[in-house]
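[1] I would like to see how this sequence folds:
(chains A and B)
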Amino acid sequence: MNSSSNLINALFIFVLAGFIGFEVIRRVSPLLHTPLMSLTNALDAIAVVGAIVLVGEHQSKLSTVFGFIAVVAATSNIVGGFVITDRMLKMFKSSRPAAKPAAK
Amino acid sequence: MMTVELGTTQVIIELLYLIASVLFILSLKWMSSPTTARHGIWAGEAGMVLAIGGTLLNRGMDYRLIATALVLGTIIGVPLGRVQMTAVPQRTALSHAFGALCVTLVGSAEFYLRAPNISRFMMSVLSLEVILGGLTVTGSLMAAGKLQEILPQRPLTYKGQNLVNFLLLAGALGIAVFLVLHPEARLLFPFMILIALAFGVLLIIPIGGADMPTVISLLNGYAGLSAAAMGFVLNNKLLIIAGALDGSSGLILSIIMSKAMNRSFTNVLFGAFGQVQAAAAAGEEARPVRSATPEEAAAILSAANRVIVVPGYGMAVAQAQHKVRELYDSLSKRGVDVRFAIHPVAGRMPGHMNVLLAEADIPYDRLIEMEEINGDFPQTDVALVIGANDVTNPAARSDASSPIYGMPILDVDKAHTVMVIKRSMNPGFAGIDNPLYYLDNTLMLFGDAKAFVGSIVRELSGGHG
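    The predicted structure follows:
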């Protein structure tokens, strides 16, 4: 299904995305490492698109069953990951906004 | 999807994937600061909706079955998003298992749909995908079990453990190589998966609870890399990008965690952690310690100008964070400067302690990282250690025979007065004696963290007001 040029393209994308990942994530405050992990977890569950195609195309019984379980697992990561990341980030409050109105 | 012209639908799908990739990168970029982090979630969610929506544009799909799976996943996902903050580490481990399960299943299905018409390169990547995925599934389930305390947290070791693990991994890789050369040997494929699953279990068995932050990060990295490999197999660029982002995030966090525990990164990569084991609580002659009552502690704290609180996981276990917040309020009201020193491995996963304190409404600008705050201890009147042990152990700096020698620690011993809230003199989780407790400037506050902090708060607000 894949020509070798496709694979080379894929390799380029992987390496470049890895670099972006390192640069972006290096800058994430250690304060937020837990929500970072739950967020990347949700984003990683984009693997659901591969599983959706498997389920939708119905190519064999095995691929449909595997795909179905895969969609369920990935969707629970997407939903759970976004919900908990949002809950965590909502809790992070600065002491400054509270101080500002008093100063004004 | 080869060199053939793409249909209009395909072009639209690819463009949607491109937008989703950009949104994912922005999402992580905005995580750099708590002020922009919530935009990050919206970007991530928008990217996810576009990507899934785009995928559904593929023609001739069985939408009913897909919808059923999506609904089922949502039903499972919502409660997993609503767990308590102390349970976030095991939830995260569980979600690594789910993510890796998805990748492994899709990889397996692709193998059986394609083999034996599968190129060598493709078969190599597919093997990598399912081996990494498989070991992450069981490894993460084991980690989740240990964190939830369903499984014993103690490291289980036996003779020849490394050899067994090595042979298993070699076996899985051997089958992978054979399949690359002879993809028609479809019967061998399940064995490769089974070995990977067994390897995941055995990899985590020897690892103790204290090493969980590193383990979770590493499994995060594996889950990401296996997803990226899946992107290669499916020629899906969005998946490659998301996997690379997740993989690099996991690897960066593992490096940070291994540094914080003074392990080399190769040491971590080969799963040889869990080796910091009690050098036996020998030399246990009763040395004198000074202790203090809540009244005395309250008096010292209220007379201080600068206080640094050093929280450890023990604080969360005792559910003391809300009392600690009351202490913070009460001291701040008296004009005492109170800050919190956060060791990178405080808690059970990277950044866990920050979340636990944020949940108790302690402002995040009061939570200071180790490297930033360590220089301030000599000018600090009181360092109050709550439920932390090894990360304050001065032996890590001075005693080359200590199992934690070389581990970066919080220099609490340099504060004018150190107060340590602790149940008893029993050595902590790692079983290492802490010379901090015997210093002249150290006061031991014996008792349950929640109750003790509670009585300090009562003293501060009551009588001596």
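[2] next, count neighbours for the spatially closest residue to B:L151 that is not a sequence neighbour.
    Among residues not flanking B:L151 along the chain, B:G145 sits closest, at 3.8 Å (CB to CB, 6 or more residues apart in numbering or on different chains). C-beta: built from backbone N, CA, C; applies to glycine. The number of residues packed near B:G145 is 17, by other CB atoms under 10 Å in any protein chain shown.
[3] could you check the pLDDT of B:G145?
    You'll see B:G145 listed with a pLDDT of 94.
[4] what's the helix or strand it falls within packed up against?
    Element membership of B:G145 [criterion: DSSP states H and E] is helix B:120-147. When contacts are defined as 3 or more CB pairs under 8 Å, 6 or more residues apart in numbering or on different chains; DSSP states H and E, helix B:120-147 packs onto helix A:4-26, helix B:88-114, helix B:161-181, helix B:189-204, helix B:212-234.
[5] which regions of chain B sit below the pLDDT cut-off?
    Counting by pLDDT under 70, chain B contains low-confidence ranges at B:1-5, B:265-286, B:426-431, B:463-465.
[6] all strands for it, in order.
    Here chain B has its strands, by DSSP state E, at B:306-311, B:337-342, B:367-369, B:382-386, B:417-422, B:442-446.
[7] contacts only, for the closest residue to B:V418 other than its chain neighbours.
    Nearest non-adjacent residue to B:V418, counting by CB to CB, 6+ apart: B:T442, 4.4 Å away. Going by CB atoms under 8 Å, 6 or more residues apart in numbering or on different chains, B:T442 touches B:V289, B:R290, B:D413, B:T417, B:V418, B:M419, B:V420, B:L436.
[8] in PyMOL, select just the buried ones from those.
    Under the burial definition 16 or more other CB atoms under 10 Å in any protein chain shown, those of the contacts of B:T442 that qualify are selected in PyMOL by:
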select buried, chain B and resi 413+417+418+419+420+436
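[9] pick the one among the contacts of B:T442 closest to B:G312.
    Comparing those against B:G312 with CB to CB places B:V420 closest, at 10.4 Å.
[10] would you mind measuring from the nearest residue in space to the closest one that is not next to it in sequence to B:D365?
    Using CB to CB, 6+ apart and skipping the chain neighbours, the partner closest in space to B:V420 is B:V385 (4.4 Å). Computed with CB to CB, to the nearest Å, the distance linking B:V385 and B:D365 is 22 Å.
[11] once you drop chain neighbours, what's closest to the residue positioned nearest the centre of chain B?
    Geometric centre of chain B, nearest residue: B:M349, 2.9 Å, by CA atoms, centre = their mean. Spatially, and ignoring its direct neighbours in sequence, B:M349 is nearest to B:P89 (4.2 Å; CB to CB, 6+ apart).
[12] residue ranges in chain A under the pLDDT threshold?
    By pLDDT under 70, the low-scoring segments of chain A are A:1-3, A:96-104.
[13] the residue nearest to B:M349 contacts B:H352, correct?
    Yes. At 6.2 Å, B:P89 and B:H352 qualify as touching, with contact defined as CB atoms under 8 Å.
[14] could you pull out the helices for chain A?
    Using DSSP state H, the helices of chain A run over residues A:4-26, A:33-44, A:48-57, A:61-91, A:96-103.
[15] is the third one positioned near chain B?
    So the one you mean is helix A:48-57. Yes. Counting by CB under 8 Å from any CB of the partner chain, chain B has neighbours in helix A:48-57: A:V48, A:V49, A:G50, A:A51, A:I52, A:V53, A:L54, A:V55, A:G56, A:E57.
[16] could I get the helices of chain A as JSON lines with mean neighbour count?
    As requested, these are exported to JSON lines (neighbours: other CB atoms under 10 Å in any protein chain shown):
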{"stretch": "helix A:4-26", "mean neighbour count": "16"}
{"stretch": "helix A:33-44", "mean neighbour count": "30"}
{"stretch": "helix A:48-57", "mean neighbour count": "26"}
{"stretch": "helix A:61-91", "mean neighbour count": "24"}
{"stretch": "helix A:96-103", "mean neighbour count": "9"}
